[in-house]
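Trainee: Provide a 3D model corresponding to the input given below.
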Amino acid sequence: MKYFPPFRFDESHGVLWRGTTEIAVTRKAADVLRCLLERAGTIVPQQTILDDVWPDTNVQPENIKVLVRELRLALGDSPHEPRFIGNEPGRGYIFVASVSNVPQLAEAPRPAAASIFINHQGDLARLRQTLTETTEAFDCRIALVAGERGTGKTALCDTFLRYAGSVPSVRVSYGQCAQHALGAEPYAPILDALDHLARQFPGTVPMVLARHAPSWLSRLPPWIADVAHVTAPPAEIESSHLIRELSAALETLGLDATTVIVLDDLHSGDLATVELLKELTRRHAPLRTMILASYAPFQRTIVSPALRSLAVGLRPTGRCISISVAPLAEDHVRAYLEARFGASPIQRLARTMHRLTGGNALLLSSAMDCLVAEDRIAIIEGTWRLRHSARTIESSLPQSLLDVILWRFQQLGSDERATLEAAAAVGVEFDAEDVAVALGGAATAATADRLDELNMRGFLHRRASGREKTVVYGFIHPAHADVIARNAPPFQQVRAAQRLAHARQEHQRFG
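Mentor: Model prediction:
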């Protein structure tokens, strides 16, 4: 047993306790916790975690972040001021709390860091209303939360999950979509959610599944042994049969409570799960279930367009709401700085940080972490203050902050990254024709479409210039062009510059 007040972790069974209460975590999250506890006080590289948690399996490192987020939610931890799990960007994770093999006296809790949850109160109110309507109507409703990585959709889902868990007669559960090199397993996030439910209610959920959804229970090996007469299903089961089974199980669970299921990063999931959500929402049965699914709409996966179609198709039924999580506005950035640093001179950075981060909430909090770590801002005479002027800080950004900015562009697909790398070879501002030339003769119209999408996603700005209203694009901050150009393949950037110079010479020759 590992003790880290007020929690203890049963390593042999993968069970997390707080006092006499079992805290539900998924099997993989428990494996990550075990890995970190075994090496408490030292930085654990991502590869070590992958080797421990997924031996002989090829999965994406992004899965670690998902499981760490689950553990932080279970522990009530903050990534900004961690009491338990810290993050060393580019190096790995570290369990920072004191760990012992014998019980310890609990320490006084540290104050929570200021929340980045600044501009989502209206969205949270819509989710609460949907939960109320689900409970009153006894049907199945779905809420789709779309947003770029880092904009705050997970923070919104986590906040709603905590709220729903505090409501009487509500069961909460969540499933995660792991990124697999060979594609997602059908219904993987639903199975994960059912496993989470069974862990919280081991005396109820496995028996309900055994009676009404044996095909689903048979795919949850830890619970089969607890229920007699459950046999392996046929190799092929019709999706309609699985839907009927799960519907019957949810209907039974709905007799005494509303079930809330959060599915995170569903764009990394599978089409079978999307079809299941559609059919559950359309069923005329007292399921008393609310499903909240988050996804990144511009990810190049087969699931993202299916989720957009799902929202359009279900809108007329009144059982589906769509929430688009937009980047923070400058006022939101200012509000975050005030919430985190108080009424201090730090708010002078609001405009600069808004341009540097593009309003990306994760980037904003990480960028401020970098400035604190680099001692660019510090507590002086009891108040947070700037070591230098906002202009000086902007003109000499620390490498750690530039690495944070680069992360945002690295989340894009290869085509979008290539377009931005070509644009950076042109300059801070550019038009579609020059970028097409720098790309090696790409179609100008197709390049303009991609630049328009990047503008819509908050990576570029767009304006009309001159009498002919030529469309000019540009990076939101000059540092973005520098970061992208420095980290692009050098030969590629040289070739882009040569193509552009040649095209301009030809234009001068032939007028």
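
Trainee: CA atoms for contacts and neighbours, from now on please.
Mentor: Fine.

Trainee: so where's the stretch 351-500 of the chain shaky on pLDDT?
Mentor: Counting by pLDDT under 70, the stretch 351-500 of the chain contains low-confidence residues at 467-468.

Trainee: can you map out the strands along it?
Mentor: With DSSP state E, counting those that start in this stretch as the definition, the stretch 351-500 of the chain shows strands at residue ranges 377-380, 383-386, 429-430, 460-465, 470-475.

Trainee: want to throw those into JSON lines with mean neighbour count and distance to Thr252?
Mentor: Converted to JSON lines, the strands of the stretch 351-500 of the chain look like this (neighbours: other CA atoms under 10 Å; distance: least, CA to CA, whole Å):
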{"stretch": "strand 377-380", "mean neighbour count": "15", "distance to Thr252": "56"}
{"stretch": "strand 383-386", "mean neighbour count": "18", "distance to Thr252": "55"}
{"stretch": "strand 429-430", "mean neighbour count": "18", "distance to Thr252": "60"}
{"stretch": "strand 460-465", "mean neighbour count": "15", "distance to Thr252": "50"}
{"stretch": "strand 470-475", "mean neighbour count": "18", "distance to Thr252": "54"}
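
Trainee: Rounded mean pLDDT for the host helix or strand of Leu209, please.
Mentor: Using DSSP states H and E, the secondary-structure element containing Leu209 is helix 205-212. Helix 205-212 comes out with an average pLDDT of 92.

Trainee: Begin at 541 from now on, thanks
Mentor: Got it, the first residue is 541 from now on, which makes the last one we talked about helix 745-752.

Trainee: tell me how far it is from the chain's mean position?
Mentor: In terms of CA atoms, centre = their mean, to the nearest Å, the centre of helix 745-752 is found 31 Å from the chain centre.

Trainee: before we move on, what about stretch 930-946?
Mentor: Relative to the mean C-alpha coordinate of its chain, stretch 930-946 is positioned 24 Å out (CA atoms, centre = their mean).

Trainee: Pull that stretch out as PDB, backbone CA atoms only.
Mentor: Output for stretch 930-946, consisting of C-alpha atoms alone and laid out as PDB, is shown next (Å, rounded to 0.1, in the frame of the first residue of the first chain):
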ATOM      1  CA  ALA A 930       5.800  44.300 -21.400                       C
ATOM      2  CA  ARG A 931       7.500  45.400 -24.600                       C
ATOM      3  CA  THR A 932      10.900  44.100 -23.300                       C
ATOM      4  CA  ILE A 933       9.400  40.700 -22.400                       C
ATOM      5  CA  GLU A 934       7.800  40.500 -25.800                       C
ATOM      6  CA  SER A 935      11.000  41.300 -27.600                       C
ATOM      7  CA  SER A 936      13.100  38.700 -25.700                       C
ATOM      8  CA  LEU A 937      10.800  35.700 -25.200                       C
ATOM      9  CA  PRO A 938      12.500  32.800 -23.300                       C
ATOM     10  CA  GLN A 939      13.100  29.600 -25.200                       C
ATOM     11  CA  SER A 940      10.700  27.700 -23.000                       C
ATOM     12  CA  LEU A 941       7.800  30.000 -24.100                       C
ATOM     13  CA  LEU A 942       8.800  29.600 -27.700                       C
ATOM     14  CA  ASP A 943       8.700  25.900 -27.300                       C
ATOM     15  CA  VAL A 944       5.100  26.200 -25.900                       C
ATOM     16  CA  ILE A 945       4.100  28.200 -29.000                       C
ATOM     17  CA  LEU A 946       5.700  25.600 -31.300                       C
END
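
Trainee: circling back to that earlier point, could you name the helices and strands sitting against the helix or strand just after the helix holding Leu749?
Mentor: Scanning forward in sequence from helix 745-752 by DSSP H and E, the next helix or strand is helix 754-757. Judged by 3 or more CA pairs under 8 Å, 6 or more residues apart in numbering; DSSP states H and E, the packing partners of helix 754-757 are helix 745-752, helix 779-793.

Trainee: switch the cut-off to 10 Å
Mentor: Under the contact criterion of 3 or more CA pairs under 10 Å, 6 or more residues apart in numbering; DSSP states H and E, helix 754-757 touches helix 728-740, helix 745-752, helix 761-764, helix 779-793.

Trainee: contacting residues around the helix holding Leu749?
Mentor: Applying CA atoms under 10 Å, 6 or more residues apart in numbering, the contact partners of helix 745-752 are 734-739, 753-758, 760, 763-764, 766-770, 784-793.

Trainee: One more pass at 6 Å, please.
Mentor: Helix 745-752 is contacted from outside by Ala738, Leu757, Glu785, Ala788, Ala789, using CA atoms under 6 Å, 6 or more residues apart in numbering.

Trainee: Pull out the buried positions in it.
Mentor: Of the residues in helix 745-752, those buried under the neighbour-count criterion (16 or more other CA atoms under 10 Å) are Val745, Pro746, Met747, Val748, Leu749, Ala750, Arg751, His752.

Trainee: repeat for stretch 709-716
Mentor: Using 16+ other CA under 10 Å as the test for burial, stretch 709-716 gives Val710, Arg711, Val712, Ser713, Tyr714, Gly715, Gln716.

Trainee: Also stretch 597-613?
Mentor: Val599, Asn603, Ile604, Val606, Leu607, Val608, Arg609, Glu610, Leu611, Arg612, Leu613.

Trainee: from memory the fifth one sits against Ala570, does it?
Mentor: Which is Leu607. No. Proximity of Leu607 to Ala570 does not meet the contact threshold set by CA atoms under 6 Å, at 8.8 Å.

Trainee: Quick check: the residue nearest to Ala869 when sequence neighbours are not counted vs Gly690, distance?
Mentor: With CA to CA, 6 or more residues apart in numbering as the measure, Gly899 is the residue that lies nearest to Ala869, at 6.1 Å, once sequence neighbours are left out. Between Gly899 and Gly690 the computed distance is 10 Å (CA to CA, to the nearest Å).

Trainee: do Asp698 as well
Mentor: Computed as CA to CA, the Asp698 to Gly690 distance reads 14 Å.

Trainee: ok, now Gly882?
Mentor: 23 Å.

Trainee: Have a look at the two and say which one is more surrounded.
Mentor: Neighbour totals were compared for Gly882 and Gly690, and Gly690 leads with 19 against 15 (other CA atoms under 10 Å).

Trainee: Thought Ser905 was touching that one, still the case?
Mentor: No. Gly690 lies out of contact with Ser905 (CA under 6 Å); the separation is 10.0 Å.

Trainee: Isn't Tyr1013 up against Arg1002?
Mentor: Yes. Counting by CA under 6 Å, Tyr1013 sits close enough to Arg1002 to count as a contact (4.5 Å).

Trainee: Give me the common contacts of those two.
Mentor: For the pair Tyr1013 and Arg1002, no residue contacts each of them under the criterion CA under 6 Å, 6+ apart.

Trainee: got a list of what Leu611 touches?
Mentor: Applying CA under 6 Å, 6+ apart, one finds that Leu611 lies in contact with no residue.

Trainee: Where does it fall, secondary structure wise?
Mentor: Secondary-structure element containing Leu611, defined by DSSP H and E: helix 602-615.
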